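Undergrad: quick one, what's the 3D model for this:
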Amino acid sequence: MNKPYTKLDIFKKISLVLLLLPVYLGSYLSQEFNLPSLAFLVIILAPFYFQNLDKLIESFYNLTSVRSFKYLILLVAYSLISLIYSLNSSLGFSIIAIIILSVFVGVLFSQFKVMEIYKYIAWSGLTYTIILYLEIPHLFFNYFTESQRFAYYHGDISMNPNYYSVFLIFFIIYFLYSIIKSNSRFTRLINLLAFCLTVFFIFETQSRTGFVTVILILLFAFIIRKNMQTIIVSSLFVTFLLFVLLLNVNFNFESRLFEADVNNRDNNWKVAIEKYIESPQSILFGNGMGSSSIVIGESNNVYFAINEKGQRVADAHNMYIEYLLDVGIIGLILLCAYLIGLAVFNYKDSTYLNFLPSLLIIIVILLSGLAGNQTRSYHFMIMFSIVIANTIQRKKKLNKGDLKPK
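TA: Prediction:
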């Protein structure tokens with residue numbers, strides 16, 4: 001009798017631990033070794049390539065039979081065509097590659113116990129975060145910060161605290177899952193400590209995006225599962241939140257986390273919308289994948305930077321507006337249909353623990369999209385590969401009759 005899942009060997013476990021390195025050392029790897037993050041991912045996942053090809057093809061076929069995945073196929077095809085008239089085709093292609101690779105990695109991961117893979121990613125990510133917070137990398141790498149915000153670095157380590165805070169929520173989702181699932185008090189305690197520590201690091205990034213998103217997804221998780229465990233966890237979380245606020249640890253909450261000011265992002269949004277509605281063509285088809293920052297940067301009313309080609313660029317700071325500018329209303333509808341469709345597929349007629357990780361990851365991407373675009377980041381591939389792998393395994397069980405939808 002064939003085993004449903006392959007066991008993770010030591011090489012695959014090491015691969016998972018190293019998988020996160022580009023999140024922290026992407027700039028260093030690119031400058032010193034001319035190794036882009038996407039190339040590093042392809043190399044570091046080599047231990048996962050030695051699998052049964054027929055099973056991989058079967059997994060991909062199962063994924064393509066999920067209705068919402070067809071929206072992704074249309075989005076990718078549509079985005080590739082848009083590169084013909086894109087103002088920054090190289091960036092556009094990179095964004096498309098990230099989306100495609102999230103599927104590729106998800107198919108590889110689907111041959112194993114997904115939550116075991118998630119475990120190694122979450123714990124190694126927390127370990128890297130602790131090392132970073134203790135400034136140990138300063139002994140080996142040259143990087144600096146322009147503020148007191150954690151994970152706001154330039155140099156060999158180049159990071160954005162807003163994006164990193166969202167990645168930290170990805171770890172929190174695993175720790176929450178483990179707290180709820182485990183019957184061992186010790187395991188619950190360890191994961192609860194990891195949970196609280198990760199929340200603390202989100203505070204330290206001073207990211208309002210991460211702060212609001214983590215509160216909303218935790219409230220959502222507790223609302224849909226009303227039992228003693230979730231009540232205890234939510235109570236402890238609120239207590240910890242109040243405790244950190246009371247101590248005012250290392251930074252002034254009043255100056256950042258609880259301000260209503262959005263750092264002129266509303267100005268970028270206004271300019272972006274004005275550019276979007278300039279013509280019927282841009283409304284429907286956009287300006288080509290990867291073009292949004294250049295389109296916004298053309299305005300004299302926004303803060304801009306100069307890219308390597310000498311072009312003025314300004315971030316949209318909003319996934320939805322960015323997709324409108326890049327691929328128009330058609331592309332945005334396809335993206336939302338893909339994400340929401342996968343959420344519904346994983347949630348419908350499923351048990352709480354089975355749908356919780358995938359559903360929360362998708363909600364994090366949708367919520368944080370109001371202030372940034374996770375789909376263009378390296379860590380999106382890691383986050384969404386878990387959703388893809390869970391989706392494939394759920395589809396396989398439905399096909400075999402192990403799960404019986406209503």
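Undergrad: number of nearby residues for residue 320?
TA: Neighbourhood size, residue 320 [other C-beta atoms under 10 Å]: 16. Heads up, the C-betas are built off the backbone N, CA and C, glycines and all.
Undergrad: hang on, I meant residue 30
TA: So residue 30, with other C-beta under 10 Å, has 16 neighbours.
Undergrad: also residue 352?
TA: 16.
Undergrad: checking the closest residue to it other than its chain neighbours next. Helix, strand or coil?
TA: Closest residue to residue 352 apart from its sequence neighbours, by C-beta to C-beta, 6 or more residues apart in numbering: residue 225 at 5.1 Å. Of the three states, residue 225 takes coil under DSSP: H, G, I helix; E, B strand; the rest coil.
Undergrad: for residue 119, see how far away residue 225 is.
TA: 21 Å (C-beta to C-beta, to the nearest Å).
Undergrad: looking at the two, which one has more neighbours?
TA: Neighbour count, other C-beta under 10 Å: between residue 225 and residue 119, residue 119 has more, with 18 against 15.
Undergrad: got a list of contacts for whatever helix or strand residue 131 lives in?
TA: For residue 131, the element it lies in under DSSP states H and E is helix 114-133. Helix 114-133 is contacted from outside by 8, 13, 16-17, 19-20, 23-24, 109, 137, 150-151, 157, 167-168, 170-171, 174-175, 177-178, 194, 197-198, 201, 204, 357, 382, 386, 389-390, 393, using C-beta atoms under 8 Å, 6 or more residues apart in numbering.
Undergrad: for stretch 31-42, same thing?
TA: So stretch 31-42 is contacted by 19, 21-22, 26, 29-30, 94, 97-98, 101, 105, 156, 378, 381 (C-beta under 8 Å, 6+ apart).
Undergrad: out of those, which end up buried?
TA: 19, 21-22, 26, 29-30, 94, 98, 101, 105, 156, 378, 381 (16 or more other C-beta atoms under 10 Å).
Undergrad: since we're on residue 326, how many residues are nearby?
TA: Neighbour tally, residue 326, other C-beta under 10 Å: 30.
Undergrad: what distance separates the helix holding residue 131 from the centre of its chain?
TA: The chain centroid and the centroid of helix 114-133 are separated by 14 Å under C-alpha atoms, centre = their mean, to the nearest Å.
Undergrad: which parts of the stretch 1-150 of the chain are helices?
TA: Ranges of helices within the stretch 1-150 of the chain are 10-18, 21-33, 37-44, 53-64, 67-82, 89-109, 114-133, based on DSSP state H, counting those that start in this stretch.
Undergrad: pipe the buried ones among the contacts of stretch 31-42 into JSON lines and attach distance to residue 56 and pLDDT per row.
TA: Listed next are the buried ones among the contacts of stretch 31-42 as JSON lines, based on distance: C-beta to C-beta, whole Å; pLDDT from 0 to 100:
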{"residue": "19", "distance to residue 56": "19", "pLDDT": "95"}
{"residue": "21", "distance to residue 56": "25", "pLDDT": "95"}
{"residue": "22", "distance to residue 56": "24", "pLDDT": "94"}
{"residue": "26", "distance to residue 56": "27", "pLDDT": "91"}
{"residue": "29", "distance to residue 56": "27", "pLDDT": "92"}
{"residue": "30", "distance to residue 56": "30", "pLDDT": "90"}
{"residue": "94", "distance to residue 56": "25", "pLDDT": "94"}
{"residue": "98", "distance to residue 56": "20", "pLDDT": "95"}
{"residue": "101", "distance to residue 56": "15", "pLDDT": "95"}
{"residue": "105", "distance to residue 56": "12", "pLDDT": "97"}
{"residue": "156", "distance to residue 56": "36", "pLDDT": "94"}
{"residue": "378", "distance to residue 56": "23", "pLDDT": "93"}
{"residue": "381", "distance to residue 56": "18", "pLDDT": "93"}
